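Visitor: Got a sequence here, can you build the structure:
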Amino acid sequence: MSIHNQALMNDTGILHLEDASVVMVYTEWNDTVINELVAGCERTLQHYNVSRVAKLQVPGAFELPFACKQYWEATKGTGSQPGAIIAFGCVIRGGTPHFEYVCDAVTSGITQLNLQLPVPVIFGVLTVDNMEQAVERLGGPHGHKGEEAAVTALKMIAMQRSLRK
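Guide: I've put the predicted structure just below:
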C-alpha cells in the first residue's frame, strides 16, 4: 500500500465535495520540502475531484497568517472564496531562539484565524529539528503531511456543510 493510500484510508466524511474550493498558502523557504507538501496536497485533492484550487506563495512562515487573512479579504464577495485554507511551511531549528519565535507566532496566528474567519485554516507547517525530520513527513514513517492537510481540509468543509443543514 502506498503512502498516498494510507492517508486516504481515513477519509470518512469526505463525500461529494467536487465543488469545494481550497487555497494553499505556502512559503518560499525550504522549497524542496514545501514543493512536495503542495504536490501531495494537489494529488489528494485531485483524488477527490476537487478542481477549485488556488495557490499563493509568501516569503516565509511568519507571513503565512497575514497572507491567509489577506486572501480571504481579497476574495470576499467574489464568489471565489475558499471553503478551506491550508498554510504550508517548514521551520527548521537553528542555533538561535529564532525557531521558537517563528513557530510560536505562526501557530498563534493560524489559531487566531481559525477563530476569526468563517472557514478553517489548516496548519500544514512542519516544525522540525532538521531536514531528515522534514523528509520523514513527506511520505516516511510520519505520513505525508501534504496529503493529510488536504484530507483535513475536506473533512472540515464537509463538517461545516453538515452543520448548515
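
Visitor: need the contact list for the most centrally placed residue in the chain.
Guide: The residue lying closest to the centre of the chain (CA atoms, centre = their mean) is residue 86, at 2.8 Å. Neighbour list for residue 86: 22-25, 41, 121-122, 124, 149-150, 153 [criterion: CB atoms under 8 Å, 6 or more residues apart in numbering]. C-beta coordinates here come from the backbone N, C-alpha and C atoms, glycine included.

Visitor: Okay, and it sits in which element?
Guide: When secondary structure is defined using DSSP states H and E, the element that contains residue 86 is strand 84-92.

Visitor: Same question for residue 24.
Guide: Short version, using DSSP H and E: residue 24 is in strand 21-27.

Visitor: Distance from that strand to the middle of the chain?
Guide: Between the centre of strand 21-27 and the centre of its chain there are 6 Å (CA atoms, centre = their mean, to the nearest Å).

Visitor: same question, stretch 14-26
Guide: The chain centre lies 11 Å from the centre of stretch 14-26; the measure is CA atoms, centre = their mean.

Visitor: Would you mark the buried spots in that stretch?
Guide: Using 16 or more other CB atoms under 10 Å as the burial criterion, the residues of stretch 14-26 that qualify are 14, 17, 20-26.
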